Structures are given as C-alpha cells and as structure tokens.
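Undergrad: Sequence and computational prediction follow.
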Amino acid sequence: MTSLILIKNTTIYDGTGKGGYVSDILIDGDKIAEIRPGINAPSAKVIDGSGLSAAPGFIDIHAHSEFSLMAEPAAPSKIMQGVTTEVSGNCGLSAGPLMGFAREARVKDLAELGIEQNWEGMGEYLALLESKRPAINFATLCGHGNTRSSVMGYADREPTEDEFLRMEKLLAETMEAGAFGMSTGLIYPPGVYSETEELVRLAKVAARYGGIYASHMRSEGVRLIEAIEEVLTIGREAGLPVQISHLKTSGTKNWNKITAVIETIEKARSEGIDVTADRYPYTASSTDLDAILPAWSYEGGAVEELKRLNDPATRARLRGEVLDEHPDPEYWGRVMIASVVTEKNRALEGKTMADAAKLRSLEPVDALFEILIEEEVRAQAIYFTMSEDNLKTLLRQDWTMVGSDSTARGMAGVTRQGKPHPRGFGSFPRVIGKYVREGVLTMPQAVRKTSSLAADRLGLKGRGYIEVGYFADVILFSPDLVGDKSIFEVPYLFPVGISYVLVNGEIAVEKGVQTETRNGRVLRRS
C-alpha cells in the first residue's frame, strides 16, 4: 500500500530562487504528488509545518564518503544537517576504478573502516553500496587519481600512448557504470604529476558521456589565477562543463586576488565556458598533513615518501623547501592536527603544529617530519588560511553552490576518528542559518545554492526542487533557529533547527531525531 505524507501550512522555498509561499505538500510514495493550500488526505500521516520552512533536500556537491558510507551507511553527520544527496569522487579520489597501485594506496584506509569487500570497477562498487542501504542518495565522479594510479602508479612522468589508451578505457567504463564526470586533485599524487594535455584528453572521454570536469586545482594561493585558467582551458578544449572545487583565496598574501578570481570566471562565462564553483562556509581548509611537503616527495607512494623522510640528505632538502614555502613562523600556529592513526600521538589531535613542536622541543618543521614518520604519513590537518570577507563574496556569486568537502561520519564506531573539520556536521545549516540571518544571502538564494544549483549542474533528474512529480527529498527547518553547533575543538555535534528530513518520501529525521529509515538510492548518470 502506498504511503501518504501530508505537510501542512509550511513556507515553501522551492529551489527556483523565488520567494517563499505558504502551502501544503502531499507526498505519495517516493514522489511529490500535490502542492496547494487546503489539501485533504484523511489517510495520510500529517506533519504540521506551521512556523517551519520547507526546502528541497540539500545536495552536497563536493563530498568524500565513498568509503565511509560502506562502513556507516546511516550517515548521521549528513542526514542530520539536511543532506539527502551527496556527490563523492572528488579531488581525484573515487571508489573506482580501484586496481593495481590505486588499491594498494587504499588498503590501510579500507582496513581501518572494517571494509572487507573487494571490488575493482565502479559498477561493482555501486552495487555493493546499494546492498548497504545508505540513508542518503549517492552520486559519484570518477577520480583521475584512481584512473592514473590504476594504470601507472604514482609515477612522475607523462603516460605512454598505451597507458593513455588504458586510462581512457577505464574512464569510459566508469562513466558507463554511472559516474557523472571526472575529478582531479592536482596537489595530490598522482594528479600533481599530470600535464594539462593529459587532463584535456581524458576530459574529452567524460564529455562524450555528458559528464562534467571538477577540479581541486594546482594552486589555491600563489598561482591561483593561473590554476583557474588551466581549469578553463580544459573546459574549453574538452568541451564540457567545469566545476572549481572549494574555491578560495588561501594565505593572507593572496586575499587581494578575490577581485581577479571573480573577473576571470565572469569573463569565461561571458565567452560561453560553462564554469561554476562550490565552497564550504568556513575559513579553514582540511587535508593531509603531508600536503605541506613539495610534490616530488610523494612519487612512488607512501613507502617511498617515508624513505625520503628518513634519509638525512633528502630530509635536509625537504626542510629547506618547506621553510622557503612557509617562512612565517606564525604559519605553524595556523596548522591544527585533526587526526592521527597511532595511539602514541592521539593527544596531538586538536593541537597546532606550533604546540606539537613545543611538546617535542623541536622546530615545527622538524616536528612535522617526526609526526609524519610516526604516522606513516596518514595524519590529517586543518589549515586556518582564509578570509571571511572573501568567503562572503564568493557565496554571493550566482555561480557558486555549497559543498561540505567532508566525509559522512557516525557519532560512534569506526568513522568517529580524530577531530575532523566542523564542515562535515554543519555546512548546510550554517549557510541557511548564519549567512541568511547576517544578510549575506536571502533564504531563496541560500536554498538554491544548497539544492537546485547542484542538481542542475549534475543533471540529477527529478531532484533539487519542490515540484510536483519530483522525488520527495524534503527538509523542514526553523528559519529562526537553524544553525551549526560543531566547532573545531568539539566537532561531533549535530546542528539545530532541522525538524524533518525526508528521503525519497520516507522520514529519515523526525522532530530533530534520526529514525532507523535508510531510504537513499545510488544515482547513476543516465
């Protein structure tokens, strides 16, 4: 028997960017059946939406849950902030293809999460994820890093023609399995070793399938404008839409580039290049602690990187290059250790590199090397490098949408590790709460940036709007109360003000409490 849910007297922000209006919403099965005042459905479960606002379920355009969802399919950190759909496979890393060196590089991560299943292709992975019954809808890109490392490992060289053909085949197979495009992580191995020509050639494969190109660019600081130009070149030459991942001006000396950033993107859009961007609503980033090291140190993977760190002569070279790149002693006080894998260093989580150096009676750069060796380069860090004014400016642009750049986590178990960035718990409530109440965005703008803009970008049919015939991914929230509570010191805190979350017509959050419902779906590019 089809279930009916009737939401009464709620203020609807439908995702179009238009103003809110008061109405009822009737949900029949997994779809929105009717939207009008005064709906009468005696057999329906009634939700009183008085004083609440309704919006399409949030779509996290930039996420990293391909592995954590296998371990924690309930995804509480996402569902409790109103995320009903997320897009993983960003920054060059996806769940597939996963073979050869690409698999070797992930062995410890998978073991740490208790993932015992083996897969190679994206099709196998998506079928496995479906069997886990995730609480949220899941879409993915194909990571260029996976494709390259499956074929040629972490080699710092151009591919041979045979390797190119193998990469193109893997990417085509991944697109055929349902990926929505290709992503790159051009500060990470092996993406850091690729030339623009390689990326254009592979992006053309994604273009044939109607995919997008999303990029964690080569620079978000000193060479920011040049990095944006490379993304635009790839979009122009490969003939596909491009998405700039977590767009920012990183480092105080680069904050003044914000005007040039916007002018460069606006000019490209006026010339017909389909370019958009995503951003999380915080002024700190988060990535690997060894991202501080120069790119050449990663070649060959973690084993070779550790050999370099342990070799006195190479370490001296590394020390000089790191200090040349970060000459300001205050830099180390803006790098916070977010997670480690050894119990020995657990007390360092939440401390800055400056604090860690004092505890060890070392210079910060030398403490960095020690920690990376002890953690086998598997430590994570948070970098406080951005401008709040620039963040607000970027959020205001019509072409920016919201992405958390985070992993779905549980409040206990194997996915509760370290002190992760609060963006994983509060990005979306922060946008529709703090930044709406502060006047940075109107509520219609904020809802559009957190839902329909991402749906349109990926071509997610039937999602991203509150509209008759669309899938019933709907949230109800209090506009006066909604907001994030997670902070850097205590990240594992749910947001407030989100009363109901419906995923494909079933209630996943009721009166602010997650239910046992897991009704998400794996979404494949059609």
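TA: Everything's here; your move.
Undergrad: mind listing the helices for the stretch 201-350 of the chain?
TA: 224-238, 258-270, 302-310, 312-325 (DSSP state H, counting those that start in this stretch).
Undergrad: Please work out which of the ones you listed is packed deepest.
TA: Ranked by mean neighbour count under mean count of other CB atoms under 10 Å, the helices of the stretch 201-350 of the chain are led by helix 224-238, which reaches a mean of 20. For glycine as for every other residue, the C-beta is placed from the backbone atoms N, C-alpha and C.
Undergrad: quick check, residue 429 in a strand?
TA: No - in this structure, residue 429 is helix, not part of a strand, as judged by DSSP: H, G, I helix; E, B strand; the rest coil.
Undergrad: give me the number of residues near it?
TA: Residue 429: 28 surrounding residues under other CB atoms under 10 Å.
Undergrad: confidence score at residue 1?
TA: At residue 1, the pLDDT value in this model is 39.
Undergrad: ok, back up a step: export the helices of the stretch 201-350 of the chain to JSON lines and tack on distance to residue 51 and mean pLDDT?
TA: Formatted as JSON lines, the helices of the stretch 201-350 of the chain follow (distance: least, CB to CB, whole Å; pLDDT from 0 to 100):
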{"stretch": "helix 224-238", "distance to residue 51": "43", "mean pLDDT": "98"}
{"stretch": "helix 258-270", "distance to residue 51": "37", "mean pLDDT": "98"}
{"stretch": "helix 302-310", "distance to residue 51": "53", "mean pLDDT": "97"}
{"stretch": "helix 312-325", "distance to residue 51": "52", "mean pLDDT": "97"}
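Undergrad: The helix or strand hosting residue 394 - what's its average pLDDT?
TA: Assigned by DSSP states H and E, residue 394 belongs to helix 388-396. On average, the pLDDT along helix 388-396 is 98.
Undergrad: can you list contacts of it?
TA: Under the contact criterion CB atoms under 8 Å, 6 or more residues apart in numbering, helix 388-396 has outside partners 247-249, 255, 258, 262, 277, 279, 281-283, 400, 431, 435, 440-441, 449.
Undergrad: For the helices of the stretch 201-350 of the chain, could you give me JSON lines that also reports distance to residue 165?
TA: Output for these, formatted as JSON lines (distance: least, CB to CB, whole Å):
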{"stretch": "helix 224-238", "distance to residue 165": "17"}
{"stretch": "helix 258-270", "distance to residue 165": "31"}
{"stretch": "helix 302-310", "distance to residue 165": "27"}
{"stretch": "helix 312-325", "distance to residue 165": "35"}
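Undergrad: Quick one, which of the ones you listed gets closest to residue 514.
TA: helix 302-310 (35.9 Å; CB to CB).
Undergrad: which other helices and strands contact the closest one?
TA: The contact analysis (3 or more CB pairs under 8 Å, 6 or more residues apart in numbering; DSSP states H and E) places helix 302-310 against helix 312-325, helix 364-374.
Undergrad: Try it again at 6 Å.
TA: Here helix 302-310 touches helix 364-374, going by 3 or more CB pairs under 6 Å, 6 or more residues apart in numbering; DSSP states H and E.
Undergrad: tell me what the helix it packs on is packed against?
TA: Going by 3+ CB pairs under 6 Å, 6+ apart, helix 364-374 lies up against helix 302-310, helix 312-325, helix 353-360.
Undergrad: Mind listing what's buried along the shortest one?
TA: By 16 or more other CB atoms under 10 Å, the buried positions in helix 353-360 come out as 353, 354, 355, 356, 357.
Undergrad: could you give the angle of it to helix 364-374?
TA: Angle, helix 353-360 to helix 364-374, by axes from the mean of the first three to the mean of the last three CA atoms, to 10 degrees: 80 degrees.
Undergrad: what's the distance between helix 353-360 and the middle of its chain?
TA: How far helix 353-360 lies from its chain's middle: 30 Å, per CA atoms, centre = their mean, to the nearest Å.
Undergrad: Give me the contacts around it.
TA: By CB atoms under 6 Å, 6 or more residues apart in numbering, the residues outside helix 353-360 that reach it are 332, 333, 335, 348, 364, 367.
Undergrad: ok, the first one - contacts?
TA: If I follow you right, that is residue 332. By CB under 6 Å, 6+ apart, the neighbours of residue 332 are 353, 354, 364.
Undergrad: so how many other residues sit close to residue 149?
TA: 28.
Undergrad: secondary structure class for it?
TA: Applying three-state DSSP: residue 149 is helix.
Undergrad: hang on, isn't it packed against residue 101?
TA: Yes - judged on CB atoms under 6 Å, residue 149 makes contact with residue 101 at a distance of 4.7 Å.
Undergrad: Common neighbours of the two, please.
TA: Counting by CB under 6 Å, 6+ apart, nothing touches both residue 149 and residue 101.
Undergrad: Export stretch 180-189 to PDB, keeping only CA atoms.
TA: The C-alpha trace of stretch 180-189 is given here as PDB (Å, rounded to 0.1, in the frame of the first residue of the first chain):
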ATOM      1  CA  PHE A 180      28.700  11.900 -13.500                       C
ATOM      2  CA  GLY A 181      32.100  13.100 -14.700                       C
ATOM      3  CA  MET A 182      35.800  13.200 -13.900                       C
ATOM      4  CA  SER A 183      37.500  14.900 -11.000                       C
ATOM      5  CA  THR A 184      41.200  15.800 -10.400                       C
ATOM      6  CA  GLY A 185      43.200  16.500  -7.300                       C
ATOM      7  CA  LEU A 186      46.200  18.400  -8.700                       C
ATOM      8  CA  ILE A 187      48.100  18.900  -5.500                       C
ATOM      9  CA  TYR A 188      48.000  15.200  -4.600                       C
ATOM     10  CA  PRO A 189      49.800  12.300  -6.100                       C
END
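Undergrad: could you give the mean pLDDT of that stretch?
TA: 98.
Undergrad: contacts for that stretch?
TA: 89-92, 139, 141-145, 154, 191-192, 206, 211-218, 298, 458, 525.
Undergrad: which residues in the stretch 1-150 of the chain form helices?
TA: Under DSSP H, counting those that start in this stretch, the stretch 1-150 of the chain gives helices at 68-71, 76-79, 101-104, 107-112, 122-132, 144-152.
Undergrad: For residue 341, which of these is the nearest?
TA: Each of the helices of the stretch 1-150 of the chain has some distance to residue 341 by CB to CB; the shortest is helix 107-112, at 7.2 Å.
Undergrad: So what's the gap between that closest one and the chain middle?
TA: With CA atoms, centre = their mean, you get 20 Å for helix 107-112.
Undergrad: tell me which residues in that helix are buried?
TA: Residues residue 110 are the ones in helix 107-112 that count as buried (16+ other CB under 10 Å).
Undergrad: which secondary structure elements does it contact?
TA: Using 3+ CB pairs under 6 Å, 6+ apart, no helix or strand is in contact with helix 107-112.
Undergrad: model confidence over it, on average?
TA: The average pLDDT within helix 107-112 is 93.
Undergrad: cool, stretch 455-465 as well?
TA: Here stretch 455-465 scores 97 as its mean pLDDT.
Undergrad: Run through who's touching that stretch.
TA: With CB under 6 Å, 6+ apart as the criterion, stretch 455-465 contacts 14, 15, 56, 59, 180, 276, 451, 452, 470, 471, 473.
Undergrad: So which of the helices and strands packed on helix 364-374 is nearest residue 418?
TA: helix 353-360 (14.2 Å).
Undergrad: so where's the stretch 301-450 of the chain shaky on pLDDT?
TA: Applying pLDDT under 70 to the stretch 301-450 of the chain picks out no residues at all.
Undergrad: any chance of the contacts of residue 332 in CSV, plus distance to residue 200?
TA: Shown next, in CSV, are the contacts of residue 332 (distance: CB to CB, whole Å):
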residue, distance to residue 200
353, 37
354, 42
364, 39
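Undergrad: ok, those residues vs residue 482, which is closest?
TA: Nearest member of these to residue 482, counting by CB to CB, is residue 353, at 34.5 Å.
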